[in-house]
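curious how this folds, go ahead:
(chains A, B, C and D)
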Number of protein chains: 2
Amino acid sequence: MGEFVAAQPLSSSIGDYLKAVWELAGSGSASTTEIATRLSVAPASVTKMLGRLQEAGLVRYERYRGASLTERGRAEALRLVRRHRLIETFLLEHLGYSWQDVHEEAERLEHAVSDNFTERLAELLGHPARDPHGAPIPGADGVLAAEDSFPLGEATAGRWVRVTRVHNEEAPVLAYLGERGIVPGRSLEVKEVRGLDGVVTVEDEEGVSHFLGGPLACSIFVRLLP
Amino acid sequence: MGEFVAAQPLSSSIGDYLKAVWELAGSGSASTTEIATRLSVAPASVTKMLGRLQEAGLVRYERYRGASLTERGRAEALRLVRRHRLIETFLLEHLGYSWQDVHEEAERLEHAVSDNFTERLAELLGHPARDPHGAPIPGADGVLAAEDSFPLGEATAGRWVRVTRVHNEEAPVLAYLGERGIVPGRSLEVKEVRGLDGVVTVEDEEGVSHFLGGPLACSIFVRLLP
DNA sequence: GGGTATTTTTAGCTTCGTCTAATAATATCT
DNA sequence: AGATATTATTAGACGAAGCTAAAAATACCC
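Residues are numbered from 1 along each chain as shown, chains lettered A, B, ... in the order given. Next up, the predicted model:
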């Protein structure tokens, strides 16, 4: 029973779980502790919630084995991601928020807006393809553009690249990068990539050098320039 | 104990109770059933919640005697009302919502936005004094402009009046009035006021007559024109 | 002023999402 | 493979916010 549960308003914490599984699992599956850490919640809470989510047909879950999204779960998650990214764009472009502040506000708003609101907002913004961090915005039809870039940490020295996306939500990190102009659209020359610790040295168009530690270099996505 | 509870994020239902008491009590007090009806909740739930609200210092409540807001409760309620009315204005002016649809969406959003969001929105909208229904928007400092108009039902025949406010949240009612152009700013000539059932007959600038039933006439606020 | 009606409260249960402590399963290491 | 370490799950409890049904207080009516 309970398979054709109509799309009644999901509680906001259900949405958070769905998004977490989506972000963590990719095409594989997410573990209980990964989800617990991401949501700042006890592992036991995750176990219980995954049971309910499976019951609701939003998640595929096997004890001790992790969880992945069903088609319905993925659709729900992407709906939330679309809202989140459109809201971030709005906050930055129309409300004068700074790059590092949009995430937190969007996190709350995404659970309160309707589909109607979302589509009108998309219209107002001119149907942007990417949010302020360069993340692709899923379409209203649930289609998400494939990522066509790769982490800066995997670039080869000597090449020019363009930043397409900063895959990090922590405000201090964003503030740091923002100050240095390392934002989507910026072109950089890769000077050195150190294998072991993954530190990357780049130089921007004005000849200023930046040193980016391993984790940081992995959260900056770039595309090769000719 | 527990008197100096810092302004931690109020749960959204607490906010709903506060707003309900504010709207129903005016300067007096609101009864359990009134609140229950307004919130579509059982009276017993209201009794329990009023206890908690009093505990939190937001409400003054005496068993069997109704509730009224404390200063802190009033401040909270007005903060919510400010958000609500600014959001309604935004939905109408920037997102193309219709008059009758703004309320429902704002009702959800008002619980999710931050003060920062609210003030930036106010800025974007040019610090409006009134929302799309003509309701005054409380200031960021918690000051609410006094109502300087009166219900159309209390007008005297033969005078010209200007609509200042439509004090009604029901979508069908708003749609009806909107179609007829009976919206804030519109001038009307009062033709006849029937005492018993309160039906009011008015004529607009184009000479079109409108008949407004008692309850309706009482929710339309007007100011006398010279 | 007494009896009925209405309103309010109390008592006890339910669901949701969370927690901690204890137990069980899986992984890892030598 | 066996011992240990890590990760997950179960069990049991809690607070919030709601409900119903029964009891108590207040209001209304004649």
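
going by C-alpha atoms from here, please, whenever you check contacts or count neighbours.
Fine.

what part of chain A, helix or strand, is modelled with the least confidence?
None of the helices or strands of chain A scores lower by mean pLDDT, DSSP states H and E than helix A:214-219, at a mean of 85.

show me how far that one is from its chain's centre.
15 Å (C-alpha atoms, centre = their mean, to the nearest Å).

please see if stretch A:52-64 touches DNA strand C.
Yes - counting by C-alpha under 7 Å from any atom of the strand, contacts between stretch A:52-64 and DNA strand C involve A:Y64.

what residues go with each domain of chain A?
As assigned by automatic domain parsing, chain A contains the domains A:12-69, A:78-146, A:150-224.

any residue of the biggest helix by length in chain A touching DNA strand C?
Scanning chain A for the longest helix, with DSSP state H as the assignment, gives helix A:71-95. No - judged by C-alpha under 7 Å from any atom of the strand, helix A:71-95 stays clear of DNA strand C, getting no closer than 14.5 Å.

and that helix, what's buried?
A:73-92, A:95 (16 or more other C-alpha atoms under 10 Å in any protein chain shown).

show me what contacts the residue nearest to A:V59 when sequence neighbours are not counted?
The shortest distance from A:V59 to any non-neighbouring residue, by C-alpha to C-alpha, 6 or more residues apart in numbering or on different chains, is to A:L69 (4.4 Å). Residues in contact with A:L69 (C-alpha atoms under 8 Å, 6 or more residues apart in numbering or on different chains) are A:18, A:21-22, A:58-60.

recalculate using a threshold of 7 Å.
Taking C-alpha atoms under 7 Å, 6 or more residues apart in numbering or on different chains, we find A:L69 in contact with A:21-22, A:58-60.

give me the subset of those residues lying in strands.
A:59-60 (DSSP state E).

for the contacts of A:L69, which single residue is the most surrounded?
Greatest neighbour count in those, by other C-alpha atoms under 10 Å in any protein chain shown, goes to A:V21: 28 neighbours.

mind listing the strands for chain A?
Using DSSP E, strands in chain A cover A:59-62, A:66-69, A:150-151, A:160-166, A:187-193, A:200-204, A:209-212, A:220-224.

what parts of chain A come near DNA strand D?
Residues of chain A that fall close to DNA strand D, judged by C-alpha under 7 Å from any atom of the strand: A:31-34, A:43-48, A:62-66.

the nearest residue in space to A:Q100 that is not next to it in sequence: neighbour count?
Distances taken as C-alpha to C-alpha, 6+ apart place A:A171 nearest to A:Q100, at 4.5 Å, with adjacent residues excluded. Residues lying near A:A171 (other C-alpha under 10 Å) number 16.

my guess is A:G214 meets A:V199, correct?
Yes - here A:G214 lies in contact with A:V199, judged by C-alpha atoms under 7 Å, at a distance of 4.9 Å.

distance check, A:R165 against A:A155.
Per C-alpha to C-alpha, to the nearest Å, A:R165 is found 14 Å from A:A155.

check A:A145 too.
In terms of C-alpha to C-alpha, A:A145 sits 22 Å off from A:A155.

equivalent analysis for A:H84, please.
29 Å.

before we move on, what about A:K19?
29 Å.

low pLDDT regions in chain A?
Across chain A, the ranges flagged by pLDDT under 70 are A:1-8.

90 - rerun?
A:1-10, A:26-27, A:147, A:153-155, A:169-171, A:173-174, A:193-199, A:213-218, A:226 (pLDDT under 90).

residues of it that sit close to chain B?
Within reach of chain B by C-alpha under 7 Å from any C-alpha of the partner chain, chain A has these residues: A:95, A:108-109, A:112-113, A:120-121, A:124.

6 Å - rerun?
A:95, A:108-109, A:112, A:120 (C-alpha under 6 Å from any C-alpha of the partner chain).

from those, which land in helices?
A:95, A:108-109, A:120.

are any of these buried, and if so which?
By 16+ other C-alpha under 10 Å, these give A:95, A:108-109, A:120 as buried.

can you pick out the most distant pair from these?
Farthest pair in these (C-alpha to C-alpha) is A:R108 and A:R120. Separation: 18.6 Å.

returning to that earlier point: and the residues of chain A next to chain B, which is closest to A:H210?
A:L95 (30.2 Å).

roughly how far does the closest one sit from A:T33?
36 Å.

got it, and A:R130?
30 Å.

now do A:S149
29 Å.

same check on A:G15?
When A:G15 is compared with A:T33 (using C-alpha to C-alpha), they lie 18 Å apart.

what does chain A put close to DNA strand C?
Residues of chain A lying near DNA strand C (C-alpha under 7 Å from any atom of the strand): A:11-14, A:40-46, A:48-49, A:64-65.

which of these tops the neighbour count?
Top of those by neighbour count (other C-alpha under 10 Å): A:V46, with 20 neighbours.

ok, back up a step: who has more neighbours, A:R165 and A:A155?
A:R165 (27 against 21).

please verify my assumption that the more buried one contacts A:G185.
No - in this structure A:R165 lies outside contact range of A:G185 using C-alpha atoms under 6 Å: 8.4 Å.

circling back to that earlier point, hmm, who's touching the longest helix of chain A?
A:18-19, A:58-59, A:97, A:102, A:106, A:110, A:131-132, A:137-138, B:120 (C-alpha atoms under 6 Å, 6 or more residues apart in numbering or on different chains).

same check, this time on stretch A:97-104
So stretch A:97-104 is contacted by A:88, A:91, A:171, A:174-175 (C-alpha under 6 Å, 6+ apart).

how about 10 Å then?
A:84-85, A:87-93, A:95-96, A:105, A:109, A:132-133, A:168-178, A:183, B:114, B:116-117, B:120 (C-alpha atoms under 10 Å, 6 or more residues apart in numbering or on different chains).

and stretch A:111-119, by the same measure?
Residues contacting stretch A:111-119 (C-alpha under 10 Å, 6+ apart): A:9-13, A:15-16, A:79-80, A:82-84, A:86-87, A:106, A:110, A:120-125, A:127, A:139-140, B:91, B:95-97, B:104-113.
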